[in-house]
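**Q** My questions are about this predicted structure, shown below with the sequence.
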Amino acid sequence: MIDLENLCPRGHVTPRAVRRIWDLYEDRVGVYNDDGVVVAVDGSRAFAASESLPPGIRLLTGRGRDGADRALLRVADIGWAKRCYERVIVASGDHVFAPSVREWQAAGVKVELVAGCGTVARVLTDTGVPIHRLMAN
């Protein structure tokens with residue numbers, strides 16, 4: 001689950017920024033053929049994202065404050081994730097994901113976080129899940 005705006009420096013979703021973030025993500029976290037990668041972005045930034053992400057990536061759009069976050073959370077299914085994947089990766093530092101992270105942990109799903117160069121909400125760091133940093137603060 002990738003909150004693209006949260007990973008891009010200062011939230012600027014440009015083709016160049018998306019390509020850089022994707023390269024860093026692949027290098028530091030890894031992306032494999034059977035991964036269920038879902039990326040979300042505000043609808044106004046969807047074109048920049050879609051033209052810069054590799055083929056086969058599911059791109060969701062949201063609208064308004066936390067729209068991309070809400071789009072990702074709408075497709076999050078704990079049971080399905082537990083049956084199909086060995087881990088769930090939340091690529092965002094936004095606090096809105098904390099309740100889901102705790103729910104997944106309680107269900108026995110291994111969860112990891114990926115952060116860009118920004119801050120990670122304390123409520124997320126308090127979950128104790130590993131955090132991968134794409135860039136230095």
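**A** All right, it came through fine.
**Q** got the buried residues for the lowest-mean-pLDDT helix or strand in the chain?
**A** Counting by mean pLDDT, DSSP states H and E, the chain has its least confident helix or strand at helix 78-84, which shows a mean of 87. Residues of helix 78-84 classed as buried: Ala81 (neighbour count, 16 or more other C-beta atoms under 10 Å). Placement of C-beta: from N, CA and C, glycine included.
**Q** so how far is the first residue of stretch 123-134 from its last?
**A** With C-alpha to C-alpha, to the nearest Å applied, stretch 123-134 spans 20 Å between its terminal residues.
**Q** who's in contact with it?
**A** Here stretch 123-134 makes contact (C-beta atoms under 8 Å, 6 or more residues apart in numbering) with 7, 21, 24-25, 28-29, 93-95, 97-98, 101-102, 105, 111-117, 120.
**Q** Also stretch 24-42?
**A** Stretch 24-42 is contacted by residues 1-5, 7, 13, 49, 53, 57-64, 67-69, 71-72, 75, 84-85, 89, 91, 112, 114, 132-135 when judged by C-beta under 8 Å, 6+ apart.
**Q** Which of these fall in helices?
**A** Restricting the contacts of stretch 24-42 to those inside helices, with DSSP state H as the criterion, leaves 4-5, 7, 49, 67-69, 71-72, 75, 84.
**Q** Give the full set of residues in contact with Ala46.
**A** In this structure, Ala46 makes contact with 59, 61, judged by C-beta under 8 Å, 6+ apart.
**Q** which SSE is it in?
**A** Secondary structure assignment for Ala46, by DSSP states H and E: helix 46-52.
**Q** buried stuff in that helix?
**A** Under the neighbour-count criterion of 16+ other C-beta under 10 Å, helix 46-52 has 46, 48-49, 52 buried.
**Q** burial measure for Tyr32, as a count.
**A** The number of residues packed around Tyr32, counting by other C-beta atoms under 10 Å, is 7.
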